[in-house]
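>>> coordinates for the following, if possible.
(chains A and B)
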Number of protein chains: 2
Amino acid sequence: MMLKVYGMKTSGNCYKVQLALEQLEIPYEWEEVDIMTGVTRKPGFLAKNPNGRVPTLEVSPGKYLPESNAILCYLAEGTPLWPAGRWERAQALQWMFFEQYSHEPYVAVARFICKFLPPDHPRQAELPRVRERAHQALAVMERHLAAQPFLVQTGYSVADIALFAYTHAAADGGIALDGYPSINAWIRRVTAQPRFVPMVPMP
Amino acid sequence: MMLKVYGMKTSGNCYKVQLALEQLEIPYEWEEVDIMTGVTRKPGFLAKNPNGRVPTLEVSPGKYLPESNAILCYLAEGTPLWPAGRWERAQALQWMFFEQYSHEPYVAVARFICKFLPPDHPRQAELPRVRERAHQALAVMERHLAAQPFLVQTGYSVADIALFAYTHAAADGGIALDGYPSINAWIRRVTAQPRFVPMVPMP
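Residues are numbered from 1 along each chain as shown, chains lettered A, B, ... in the order given. A predicted model of the protein is given here:
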């Protein structure tokens, strides 16, 4: 069967998978899943991913792979998006774990609170701390990208896809990128890559 | 030069690296870094890892690799701890990203609050929610380990090391493992692996 993605196109984690599939010219089906309805916490979806999250990739009937960055590595293996050297692969993974631990919980969560939750939701109170931590993560990226064009020295890779997804949409969470010239130049380099597709904008 | 680990032995993330190095019989130096002194946020350490975290692996003079799970993958490549098949590698990575996103921020953070912060610290208020999310992550592991002995079907791997580190110490954060028979059986299987070393206990 053709690869099938269960995902929500306005989610940065899902967009990572969409962008990699487009750039690798891999045919795929996309089943849009609206996480705001709670469907990912119901038995039908939990049978696909017991952790109840999108994206989840179905690689063959009944064989599912969750975790956006694991999906990126799986898709990219043996392609130019996956570094050829052991040290460079470690660098790519280092940035992808940085993304999930030190970046996404702040840059993506600020966006989620601002764009997906109502303005009177109690989680609005988290925004100052979340934005502060987001800026700490962006400062780490800025310092690195001042010295080289892409996250891994050998060139554009899945690490760039993983970090591009929420970084370029930081303004959705009220996080201004004005003070990050190297990140802005890197965003322009990523969007100039062959077969780049933009993320579906928030309504 | 010999590999050098900057780490704190009572940190689960650092213990992952210690356990992998011991099991792979790779010689290494260990420089103990006490994160509670703030030293990882000072310029000397930030030059090694701009994200200011341990563990950080020095692979050759001035060449540093942060992120515990990226270090595990780097060390394990080409060894039996790194699955040989593409699908199994994706599974290992899936569990390692699960660990950093859905498990460590709850199971490890509960332990940190209970064991590293004073009893009147304001973060004690986070414990009920953190423990609830920890149990959600443990339930995902329990369901999976009821069906197979290790996280990846082909056997013991770095994914087990990554998840063992904080899971087996869950009680330090007031998280009882009584209700998880498959996790307990898996913990016994992990501790029975060749060249297993226990984590340094909290004082």
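
>>> distance-wise, check the nearest residue to A:M202 once chain neighbours are set aside relative to A:H121.
Of all residues not flanking A:M202 in the chain, A:K115 sits nearest, at 4.9 Å (CB to CB, 6 or more residues apart in numbering or on different chains). For every residue, glycine as well, the C-beta is placed using N, CA and C. To A:H121, A:K115 is 12 Å away according to CB to CB, to the nearest Å.

>>> ok, back up a step: the residue nearest to A:M202: which element?
In the assignment (DSSP states H and E), A:K115 maps to helix A:109-116.

>>> in that helix, what counts as buried?
A:V109, A:A110, A:R111, A:F112, A:I113, A:C114 (16 or more other CB atoms under 10 Å in any protein chain shown).

>>> let's have the residues you listed in JSON lines, adding distance to chain B and pLDDT.
What follows is the buried residues of helix A:109-116, written out as JSON lines (distance: CB to the nearest CB, whole Å; pLDDT from 0 to 100):
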{"residue": "A:V109", "distance to chain B": "12", "pLDDT": "98"}
{"residue": "A:A110", "distance to chain B": "16", "pLDDT": "98"}
{"residue": "A:R111", "distance to chain B": "16", "pLDDT": "98"}
{"residue": "A:F112", "distance to chain B": "14", "pLDDT": "97"}
{"residue": "A:I113", "distance to chain B": "16", "pLDDT": "97"}
{"residue": "A:C114", "distance to chain B": "21", "pLDDT": "97"}
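
>>> now, the most widely separated pair of those?
Farthest-apart pair in the buried residues of helix A:109-116 is A:V109 and A:C114; separation 9.7 Å (CB to CB).

>>> now, among the buried residues of helix A:109-116, which is nearest to B:N51?
A:V109 (17.8 Å).

>>> isn't the closest one right up against A:L127?
No. If you go by CB atoms under 8 Å, A:V109 and A:L127 don't touch, sitting 9.1 Å apart.

>>> other SSEs contacting the helix or strand encompassing A:L57?
Following DSSP H and E, the helix or strand that holds A:L57 is strand A:56-60. Applying 3 or more CB pairs under 8 Å, 6 or more residues apart in numbering or on different chains; DSSP states H and E, we find strand A:56-60 packed against strand A:3-7, strand A:63-66, helix A:68-76.

>>> now the shortest one: buried residues?
Taking 16+ other CB under 10 Å as the basis for neighbour counts, the residues of strand A:63-66 that come out buried are A:Y64, A:L65, A:P66.

>>> which ones among those also lie next to chain B?
Here is what survives when those are matched to chain B using CB under 8 Å from any CB of the partner chain: A:L65, A:P66.

>>> I'd like the buried residues of strand A:63-66 as TSV, with pLDDT appended.
Formatted as TSV, the buried residues of strand A:63-66 follow (pLDDT from 0 to 100):
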residue	pLDDT
A:Y64	98
A:L65	98
A:P66	98
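
>>> near chain B, which residues of chain A show up?
Contact residues, chain A versus chain B (CB under 8 Å from any CB): A:50-51, A:53, A:59, A:63, A:65-71, A:73-74, A:77, A:86-87, A:89-91, A:93-94, A:96-98, A:100-102, A:104-105, A:140, A:143-144.

>>> A:N184: which element?
helix A:181-191.

>>> may I see the buried residues of that helix?
So for helix A:181-191, counting by 16+ other CB under 10 Å, buried means A:S182, A:I183, A:N184, A:W186, A:I187, A:V190.

>>> and the nearest residue in space to the fifth one that is not next to it in sequence, how close does it get to chain B?
The spatial neighbour of A:I187 that comes closest, neighbours along the chain excluded (CB to CB, 6+ apart), is A:H168 at 5.1 Å. Distance, A:H168 to chain B, using CB to the nearest CB, to the nearest Å: 20 Å.

>>> okay but A:H168 is in contact with A:R189, surely?
No. At 11.5 Å, A:H168 does not count as touching A:R189 under the criterion of CB under 8 Å.

>>> let me see the mean pLDDT of stretch A:6-13.
When pLDDT is averaged over stretch A:6-13, the result is 97.

>>> related to what we said a few turns ago, I'd like the helices and strands packed on strand A:56-60 written out as a markdown table, with distance to A:L21 added.
Output for those, formatted as a markdown table (distance: least, CB to CB, whole Å):
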| stretch | distance to A:L21 |
| --- | --- |
| strand A:3-7 | 7 |
| strand A:63-66 | 13 |
| helix A:68-76 | 7 |
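
>>> A:L163: what's it in contact with?
A:W95, A:E99, A:H103, A:M141, A:L151 (CB atoms under 8 Å, 6 or more residues apart in numbering or on different chains).

>>> the last one against A:R143, yeah?
No. With contact taken as CB under 8 Å, A:L151 and A:R143 are classed as non-touching, separated by 11.9 Å.

>>> ok, back up a step: quick one: which of the buried residues of helix A:109-116 is nearest to A:G44?
Of all those, A:G44 sits closest to A:F112, with 23.5 Å by CB to CB.

>>> returning to what we had before: in helices, which of the contacts of A:L163 appear?
A:W95, A:M141 (DSSP state H).

>>> out of the contacts of A:L163, which end up buried?
A:W95, A:E99, A:H103, A:M141, A:L151.

>>> follow-up on the earlier one: so the strand holding A:L57 versus strand A:3-7, what angle?
Strand A:56-60 runs at 160 degrees relative to strand A:3-7, counting by axes from the mean of the first three to the mean of the last three CA atoms, to 10 degrees.

>>> average pLDDT across strand A:56-60?
97.

>>> now do that strand against helix A:68-76, angle only.
Going by the same axes, to 10 degrees, strand A:56-60 makes 30 degrees with helix A:68-76.

>>> show me how far strand A:56-60 is from its chain's centre.
17 Å (CA atoms, centre = their mean, to the nearest Å).

>>> can you list the strands that that strand pairs with?
According to DSSP bridges, strand A:56-60 forms sheet pairs with strand A:3-7 (antiparallel), strand A:63-66 (antiparallel).

>>> would JSON lines of these with distance to B:Y156 be doable?
Converted to JSON lines, the strands paired with strand A:56-60 look like this (distance: least, CB to CB, whole Å):
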{"stretch": "strand A:3-7", "distance to B:Y156": "29"}
{"stretch": "strand A:63-66", "distance to B:Y156": "21"}
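
>>> got the contact list for stretch A:110-120?
In contact with stretch A:110-120 (CB under 8 Å, 6+ apart) are residues A:12, A:36, A:121, A:123-124, A:126-127, A:130-131, A:134, A:166, A:169-170, A:172-175, A:202.
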